[in-house]
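Asks: Need a 3D model of the following:
(4 chains)
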2 protein chains.
Amino acid sequence: MSKKQEPAAAVRATIRDVASAAKTGKTSVSRYLNGEKDLLSDALKERIGRAIALLDYQPSQMARSLKSGQTRLVGLIIADITNPYSVEVMRGVEAACRQEGLTLLVCNTNNELDQEKHYLQLLSSYRVDGIVVNAVGMREAAISTLQQANLPMVLIDRKVADFACDVIGLNNVEATQMMTNHLLQQGFEALLFISEPATINTRFDRLRTFLQRMQQSPQYIAEQGEIEISNTEGLDTLLREFISRHPDKHKAVMCVNGTLTLQVTRAMRRLGIVWGPDIGLSGFDELVWAELAGVGITTLKQPTYDMGVAALKRLVTRIQGNTEPVTDLEFSGELIARGSTAAR
Amino acid sequence: MSKKQEPAAAVRATIRDVASAAKTGKTSVSRYLNGEKDLLSDALKERIGRAIALLDYQPSQMARSLKSGQTRLVGLIIADITNPYSVEVMRGVEAACRQEGLTLLVCNTNNELDQEKHYLQLLSSYRVDGIVVNAVGMREAAISTLQQANLPMVLIDRKVADFACDVIGLNNVEATQMMTNHLLQQGFEALLFISEPATINTRFDRLRTFLQRMQQSPQYIAEQGEIEISNTEGLDTLLREFISRHPDKHKAVMCVNGTLTLQVTRAMRRLGIVWGPDIGLSGFDELVWAELAGVGITTLKQPTYDMGVAALKRLVTRIQGNTEPVTDLEFSGELIARGSTAAR
DNA sequence: CTGTTAGCGCCTTCAC
DNA sequence: GTGAAGGCGCTAACAG
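Replies: Just a heads-up that it's a prediction; the model follows:
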């Protein structure tokens, strides 16, 4: 039947090739692949097994999923894979997937909305069972569209406006209070909160909490600075001016996330400012090198791995048809105090 | 025809639903989706567009690919997504994919062979057009099996024995010589090369080159240590003994990759050894924090992004049917000297 | 125990 | 211009 009989086929073998090679029907081969529940005679099983090996046959998941409507695939959309935070979350999602017998496909949107949209549609059109999303921003028409397509979805870290969806994230209020309290307790009197543009709720929530907390201690100075992550000059200026504005105060800086902490640390290095002795330094997100940089940098560690696991677990219940109201699961962070915020 | 007429359908709309909603045939809808080359009357286009919007119809890529046999999908299998090296490579692959109109699916094998096998089969069974692989080890039956399935493939960084395949990697000989020469020029007299178990050719090549280079300068001491990445105690011992063995020499350590450099740096911190003044420290792979750790750490930077781009470009030529002999593309590294290897 | 048949959702001749 | 029919590779009744 098949035009070419070459073992190393130039074109993939299909179930029919196997069937004819084993001198049987497609059904039996299909049974061999799936049920196999002793429904086949040993002789037939033997022949089929041989044919499969000979033709190096691999069933087409495409066809299989088309038939079943199920893929056992889960998508993970990450806004910035460069961020260690995201990688740790991914590892949690991954581990949970394996436990659930799901396969994870990762997509990096590189913080670009159209990439996010592209991947969302792609995963949806391939009929993945569900998606875990670390969204790029707060207002995403693409995401809410998909909701109507009733594709199970869970958000990580960042919420999306006007979109009812389970969210797994940090308890930002608690975490920000912990960090602010810590700085004040250590004797810092002027605090600068540095953030990237508050295009996502996480940054906004942290800033807001910081300001609220500082209002309760009006004897201390609270300042804020917003800066694009790539704007190194602006960052230098921001730091320099903050420092010169308060010559007689114990000063400290608080960075809204790990990516920014890296930039701020670099800026201090450039400017010859030594974190610890000269100025307090702290930031959200734990960093592998936090203990290695000078006297060490104080961080607020998120239980990223657990958050990834929780996100997937939640997604699975949705996939299984759970329709209870959406929840907002908040994890507690852990303050890791290091030399950069040692007491005055 | 359809049982339920609800706009927000509980089940995905198919091309037939659209067709009947637009009071036309599947063919026209299909044409609308693809060709659309003015083959349709404006009225029909109008109706179809409306029906698609109404039903929130999204074509099934599953069915589409089943038909066409092409997916425009490319897989990237990463051994350890935790490694910044891998992430950078990924970004290169990603950028090149976008330029080629391909979509990238990333899979992390977590350094586990069975995961690698799983993903390899998965991607293959979904008929991706090609795969870029950062293999877990050197001997992988799974990979060579796939070769016969003539799925285009390119290896990154690590080769696989007995498997003729394009490889993109670092010029390890040149890089190792650069680094060794640098250390000797800076006045170090006793060098310790620390490696993870040489289960992949990269590590082996670097070690071999180091030893060969050192044979040319027999007046200097060359040592090697092999250690599991998680064995912190063993690492402490290794360092301590190396140091006490050569009390009167200028000593330096060379780490086979960035992951190890991190561990070694931590170990030194634990032991109270200060890189720079006390001992030289250098490692393959650039690290974002290299300049921030004490006096800075000397690294050998790989053009990771470019390597990712090159890998994908190569893969594309293979996908397009190029059958010339496999090539081994080696990129040159760049030595970034910092305080940790300042001259004696 | 085993093979035949009818689709899954889509694209593509081939007629009308 | 438009639609009907067949088939991509596979599974799941339904017969034998």
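Asks: okay, CA-based contacts and neighbour counts for the rest of this
Replies: Noted.
Asks: from the chain's centre, how far out does the host helix or strand of residue A:77 sit?
Replies: For residue A:77, the enclosing helix or strand under DSSP states H and E is strand A:73-78. Taking CA atoms, centre = their mean, to the nearest Å, one finds strand A:73-78 lying 9 Å from the centre of the chain it belongs to.
Asks: With stretch A:56-70 instead?
Replies: Per CA atoms, centre = their mean, the centroid offset for stretch A:56-70 relative to its chain is 29 Å.
Asks: what's in contact with the strand holding residue A:77?
Replies: The contact list for strand A:73-78 (CA atoms under 8 Å, 6 or more residues apart in numbering or on different chains) reads A:86, A:90, A:102-110, A:116, A:119-120, A:123, A:128-135.
Asks: Ok, stretch A:177-195 next?
Replies: Residues from elsewhere that reach stretch A:177-195 (CA under 8 Å, 6+ apart): A:203, A:207, A:209-210, A:213, A:220-227, A:242, A:246, A:249-257, A:260, A:280, A:300, A:335, A:341-344.
Asks: Helices of the stretch 201-344 of chain A, start to end?
Replies: For the stretch 201-344 of chain A, the helices defined by DSSP state H, counting those that start in this stretch cover A:201-215, A:232-245, A:258-271, A:304-319.
Asks: Nearest the geometric middle of chain A, what residue?
Replies: Note on chain A: the residue nearest the mean C-alpha position is residue A:86, at 4.0 Å, using CA atoms, centre = their mean.
Asks: can you pull the buried residues of the one helix or strand that one maps to?
Replies: In the assignment (DSSP H and E), residue A:86 maps to helix A:84-100. The neighbour-count check on helix A:84-100 (16 or more other CA atoms under 10 Å in any protein chain shown) flags A:84-97 as buried.
Asks: now the residue of the stretch 101-250 of chain A found nearest DNA strand C: how far from residue A:65?
Replies: Nearest to DNA strand C, among the residues of the stretch 101-250 of chain A, is residue A:125, at 8.4 Å (CA to the nearest atom of the strand). Distance, residue A:125 to residue A:65, using CA to CA, to the nearest Å: 12 Å.
Asks: between these two, what contacts are shared?
Replies: residue B:62.
Asks: Get me the contact residues on the stretch 201-344 of chain A for chain B.
Replies: A:262, A:265, A:266, A:269, A:289, A:292, A:293, A:294 (CA under 8 Å from any CA of the partner chain).
Asks: Residue B:288 is in contact with the fifth one, correct?
Replies: No. Applying CA atoms under 8 Å as the test, residue A:289 and residue B:288 come out as separate, 9.2 Å apart.
Asks: Please name the nearest non-neighbouring residue to whichever residue of the stretch 201-344 of chain A sits closest to DNA strand C.
Replies: For the stretch 201-344 of chain A and DNA strand C, the shortest gap (CA to the nearest atom of the strand) falls at residue A:319, measuring 17.9 Å. Residue nearest to residue A:319 in three dimensions, not counting chain neighbours: residue A:152, with 5.9 Å by CA to CA, 6 or more residues apart in numbering or on different chains.
Asks: For the one residue in chain A that gets nearest to chain B, which non-adjacent residue is spatially closest?
Replies: Ranking the residues of chain A by distance to chain B (CA to the nearest CA) places residue A:293 first, at 4.4 Å. Distances taken as CA to CA, 6+ apart put residue B:293 closest to residue A:293, at 4.4 Å, once the chain neighbours are dropped.
Asks: which ones are touching the one you found?
Replies: Contacts of residue B:293 by CA under 8 Å, 6+ apart are A:289, A:292, A:293, A:294.
Asks: 10 Å instead, please
Replies: Listed by CA atoms under 10 Å, 6 or more residues apart in numbering or on different chains, the contact set of residue B:293 reads A:289, A:290, A:291, A:292, A:293, A:294, A:295, A:296, B:265, B:275, B:339, B:340.
Asks: any common contacting residues for residue A:289 and residue B:288?
Replies: The contact sets of residue A:289 and residue B:288 overlap at residue A:262 (CA under 10 Å, 6+ apart).
Asks: who's more crowded, those two?
Replies: Using other CA atoms under 10 Å in any protein chain shown as the criterion, residue A:289 and residue B:288 rank with residue A:289 on top: 20 against 11.
Asks: Tell me the spacing between the more buried one and residue B:228.
Replies: 20 Å.
Asks: Next: residue A:300.
Replies: Counting by CA to CA, the gap from residue A:300 to residue B:228 is 29 Å.
Asks: Tell me which of those two has more neighbours.
Replies: Neighbour tally, residue A:300 and residue B:228, criterion other CA under 10 Å: the higher count belongs to residue A:300, 23 against 12.
Asks: per-residue confidence at the more buried one?
Replies: The score at residue A:300 is 98. That number is its pLDDT.
Asks: do the same with the one 4 residues further on
Replies: We note a pLDDT of 98 for residue A:304 in this prediction.
Asks: Go ahead and confirm it touches residue A:334.
Replies: No. Applying CA atoms under 10 Å as the test, residue A:304 and residue A:334 come out as separate, 11.2 Å apart.
Asks: residues shared between the contacts of the two?
Replies: Common contacts of residue A:304 and residue A:334 (CA under 10 Å, 6+ apart): A:285, A:286.
Asks: The two - which one has more neighbours?
Replies: Set residue A:304 next to residue A:334 and count neighbours by other CA under 10 Å: residue A:304 wins out with 26 against 17.
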